[in-house]
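Colleague: Predicted model and sequence below, questions to follow.
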Amino acid sequence: MGMTKSAKKAAPTSVEKAAPKTKAAPAQKATPAEKNKLAKAELTDQIAEHTNLSRKQASEAFDATVEVMLDALKSGKSVGLPGLGTLSVKETAARTGVRPGTSEKIQIPAGKKIAFKVAAGLKDSL
């Protein structure tokens, strides 16, 4: 005697429920500039207060100063800032480095970098 279709029991299936989806953490909002950082706008405002220049004139003077300093550095000169320190261009030698992730050795070419040497008086006062 054969069994009818309805009499056959289906093999129990094990169905595992997927773990409940967790919401991804919300993206972090952009953080404002460091609180200890003096931004250009604040710097030019203080220059204006100390020199009786307008904010626009102080900003133009600051921009011109930075431009002159950059031109001097690009031409290989050092820039002395009394009471602060000295900016200069230093040559870097070619060297072998390691690529992060792959640990592959790579050749890093010689180049230039800007170095800053803090003035002795400032270093002592910090």
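Modeller: Good, I have the coordinates. All figures in this text were calculated on a predicted structure; none of them were measured in a lab.
Colleague: Output the longest helix belonging to this structure.
Modeller: helix 55-74 (DSSP state H).
Colleague: which other helices and strands contact the next helix or strand along the chain from it?
Modeller: Of the helices and strands lying after helix 55-74 in sequence (DSSP states H and E), the nearest is strand 79-81. On a contact count with 3 or more C-beta pairs under 8 Å, 6 or more residues apart in numbering; DSSP states H and E, strand 79-81 meets helix 55-74, strand 85-92. The C-beta positions use only the backbone N, C-alpha and C, and glycine is treated the same way.
Colleague: Partner strands of strand 79-81 and their direction?
Modeller: Next to strand 79-81 in the sheet, as set by DSSP bridges, lie strand 85-92 (antiparallel).
Colleague: Now do whichever helix or strand comes after the strand it pairs with, average pLDDT.
Modeller: Once the chain leaves strand 85-92, the next helix or strand it forms, by DSSP H and E, is strand 95-98. Regarding strand 95-98, the rounded mean pLDDT is 94.
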